[in-house]
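Participant: Test case, fold it:
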Amino acid sequence: MISSPIRDPGSFRDPSAYVFHDGSRIVRAICESSINEFQSNFDSGIYEYLAARGLMIDCQRIEVDNRTIGGLEGARGEKIAALFEHPKIPFISYPYEWVFSQLKDAALAHLDLQLAAFEQGFVLNDATAFNMQFLHGRPVHIDHMSLSRYREGQVWAGYNQFCRQFLLPLLIEAWSGVSFQSIYRGSLDGISFDDALGILPRHRMFSSPSAMIHVYLHAKAIRNSARSQEKPINPTKLSPKNYQALLQQLRDFISGLQSSRRRASLWDKYDGSNTYTESMRSEKVAVVKDWASRFKPPMVIDICGNTGDYSNTALEGGASSVVLIDNDAASLEKAYRVYRNSDKPVLPLLMNVLDPSPNMGWRQIERQGLASRAAADGVIALAAIHHLVIGGNLPMADVLRWIMEMAPTGVIEFVPKQDPMVAGLLSAREDIFSDYTEDLFRKTISQNGEIVSEHFFEENGRLLVAYKTR
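Facilitator: Just a heads-up that it's a prediction; the model follows:
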């Protein structure tokens, strides 16, 4: 039973269907104008075929009463004809929050879906990276409305979009060593060809037939089209063989790309080089596991979680899924490879919590920022607050309140100033952080919740506190 569904604020562009949710279930409301085509696609078995191959999220029709249907309408006032349910993605993420391997896997999965669909007589009408989401560590397409039947001779409508949102960001990091995320975050349309051509090395461009076709000549065609607005250019029709060859050639090209990001990581070996001995680390693991076992949080956010060791600990203790947030790409690449191959529900996201993803898009609601998405069931912030307070000049009470607002329970670690990690942060600057004390740490947590357990390490003076809000 769907109870009081509301339309997702980011679902408004496509007038043929809209996404609704009631907090626990996700439904796609198909409008009267498009129900015949969608039902035909559904009856063909194409959605089931792609879902069975892990390429598209599942879709099942649900029977609801006329009162429920009548109470729904689209963003333009469209009447709804039918509802279809999808599995709920634990955490919606965006391509500018992914590391290179995630975007590459999403691009390959997108092309694999197109190739599989084309063999069944279907194509995608668009190629936005925002339609790819991670479920159980793997990218999956979530927009069934993008699929339509292939028409003889048609061109790939999403070709330009695919290049801007998948290919160009990957090439920038693979060939220039420049991280793509901050450039990508600047525009929801992806990276422009002009920007990419200003960054990509010309010798690589002209020595690669694929880049020459999909980047240089593609950009030239766009410029020529812009100059010929008074005489629209009709796109060349593609034979079925050439349509399929285009998809396969792009897939082969992208599969060979590797990141050449130059910045060396300071943190991908952090867990083995910090001030914890092996026995102390075992105690820390036990604290996190006991907390997760006690509260069984469905979704946990791991702040500054590095390579995700304690994300795994939370899962072992009873958490259902974890979103791992860190600002170090090398650490997250390592975490992504580990969890992708294990199928464990850990989603690594590249994000600086001092400058997290903001609300973006139309009316600043189309893509939600971290604060709007971070309504978790549990949070772990281990060896994190000293980076925010001392590294980021933030008031400690504000940092703790911000962490506790994410979830009703969690584990937070206090690292004292005498710890080598904190001493390193303070070595090149004046200690102006009078609020960074264990007393204020305890006091702030107690003011905003309840300390349910704590563990003090005599060896290095660190303190682990598990809390719950009242």
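Participant: Only C-alpha atoms from now on, for both contacts and neighbour counts.
Facilitator: Noted.
Participant: Where does residue 257 sit: helix, strand or coil?
Facilitator: Secondary structure, DSSP: H, G, I helix; E, B strand; the rest coil: residue 257 is coil.
Participant: Look up how far residue 147 lies from the closest residue to it other than its chain neighbours.
Facilitator: Leaving aside its sequence neighbours, residue 257 sits nearest to residue 174 (CA to CA, 6 or more residues apart in numbering; 6.1 Å). According to CA to CA, to the nearest Å, residue 174 stands 30 Å off from residue 147.
Participant: Same check on residue 244?
Facilitator: On the measure of CA to CA, residue 244 and residue 147 end up 16 Å apart.
Participant: So what does residue 177 have for phi and psi?
Facilitator: Residue 177 adopts backbone torsions of phi 70, psi 10, taken as degrees, to the nearest 10.
Participant: Next one: it from residue 262, what distance?
Facilitator: Applying CA to CA, the value for residue 177 to residue 262 is 6 Å.
Participant: higher neighbour count, these two?
Facilitator: Comparing residue 177 with residue 262 by other CA atoms under 10 Å, the one with more neighbours is residue 177, at 17 against 11.
Participant: Hmm, the more buried one is touching residue 261, no?
Facilitator: Yes - counting by CA atoms under 8 Å, residue 177 touches residue 261, with 4.0 Å between them.
Participant: Report the central residue of the protein.
Facilitator: Nearest to the mean C-alpha position of the chain, counting by CA atoms, centre = their mean, stands residue 93 at 2.5 Å.
Participant: Show the contacting residues for that residue.
Facilitator: Counting by CA atoms under 8 Å, 6 or more residues apart in numbering, residue 93 makes contact with 133, 134, 349.
Participant: switch to 7 Å and redo it
Facilitator: Residues in contact with residue 93 (CA atoms under 7 Å, 6 or more residues apart in numbering) are residue 133.
Participant: what are the phi and psi angles of it?
Facilitator: Here is the backbone geometry of residue 93 (degrees, to the nearest 10): phi -130, psi 170.
Participant: how much space between it and residue 77?
Facilitator: From residue 93 across to residue 77, the span is 28 Å (CA to CA).
Participant: Over to residue 384?
Facilitator: Residue 384 sits at a distance of 47 Å from residue 77 (criterion: CA to CA).
Participant: Who has more neighbours out of these two?
Facilitator: With neighbours defined as other CA under 10 Å, residue 384 and residue 77 compare such that residue 384 has more, 20 against 10.
Participant: Spatially, which residue comes closest to the more buried one, not counting chain neighbours?
Facilitator: Once flanking residues are discounted, residue 384 sits nearest to residue 304: 5.8 Å by CA to CA, 6+ apart.
Participant: Quick check: that neighbour touching residue 326?
Facilitator: Yes - if you go by CA atoms under 7 Å, residue 304 and residue 326 touch, sitting 4.5 Å apart.
Participant: From what I see, the residue nearest to residue 257 and residue 260 are in contact.
Facilitator: Yes - with contact defined as CA under 7 Å, residue 174 reaches residue 260; the gap is 5.0 Å.
Participant: And those two? Which one has more around it.
Facilitator: Neighbours per residue, other CA under 10 Å: of residue 174 and residue 260, the larger number sits with residue 174, 20 against 16.
Participant: Show the subsequent helix or strand relative to the one helix or strand the more buried one maps to.
Facilitator: Per DSSP states H and E: residue 174 is located in helix 168-176. On the C-terminal side of helix 168-176, the nearest following helix or strand under DSSP H and E is helix 181-184.
Participant: ok, and what's touching the helix or strand following that next one?
Facilitator: Next in sequence after helix 181-184, counting helices and strands by DSSP H and E, comes helix 193-199. Defining contact as CA under 7 Å, 6+ apart, one finds that helix 193-199 is touched by 168, 172, 176, 219.
Participant: let's see it at 8 Å
Facilitator: Residues outside helix 193-199 that contact it (CA under 8 Å, 6+ apart) are 164, 168, 172, 176, 215, 216, 219.
Participant: Most widely separated two among those?
Facilitator: Maximum pairwise distance in the contacts of helix 193-199, criterion CA to CA, is 18.4 Å, between 176 and 219.
Participant: Now do the phi/psi pair for residue 327.
Facilitator: Residue 327 adopts backbone torsions of phi -100, psi 10, taken as degrees, to the nearest 10.
Participant: Would you confirm that it contacts residue 352?
Facilitator: Yes - judged on CA under 8 Å, residue 327 makes contact with residue 352 at a distance of 4.9 Å.
Participant: Neighbour count for those two, which is higher?
Facilitator: Neighbour tally, residue 327 and residue 352, criterion other CA under 10 Å: the higher count belongs to residue 327, 20 against 15.
Participant: mind listing what that one touches?
Facilitator: Going by CA under 8 Å, 6+ apart, residue 327 touches 304, 350, 351, 352, 353.
Participant: and the third one, how many neighbours does it have?
Facilitator: The local packing of residue 351 (other CA under 10 Å) involves 24 other residues.
Participant: Phi, psi for it please.
Facilitator: According to degrees, to the nearest 10, residue 351 has phi -160, psi 130.
Participant: excluding its backbone neighbours, what's nearest it?
Facilitator: Ranked by CA to CA, 6+ apart and with sequence neighbours excluded, the top spatial neighbour of residue 351 is residue 327, at 5.0 Å.
Participant: Tell me the spacing between the one you found and residue 333.
Facilitator: Distance from residue 327 to residue 333, counting by CA to CA: 11 Å.
Participant: now do residue 147
Facilitator: For residue 147, the distance to residue 333 equals 31 Å [CA to CA].
Participant: go on, residue 96?
Facilitator: In terms of CA to CA, residue 96 sits 14 Å off from residue 333.
Participant: In terms of neighbours, single out the busier of those two.
Facilitator: Neighbour comparison, residue 96 and residue 333: the larger count goes to residue 96, with 27 against 20 (by other CA under 10 Å).
Participant: ok, the more buried one touching residue 185?
Facilitator: Yes - in terms of CA under 8 Å, residue 96 counts as a neighbour of residue 185; the distance is 5.5 Å.
Participant: Return, as residue ranges, the portions of this structure with sub-threshold pLDDT.
Facilitator: Low-confidence segments of the chain, defined by pLDDT under 70: 1-2, 228-236, 263-275.
Participant: ends of stretch 210-226, how far apart?
Facilitator: 23 Å.
Participant: so how far is that stretch from its chain's centroid?
Facilitator: 29 Å (CA atoms, centre = their mean, to the nearest Å).
Participant: Could you shift the numbering so residue one becomes 26, and keep it that way?
Facilitator: With the count now opening at 26, the last piece we talked about shows up as stretch 235-251.
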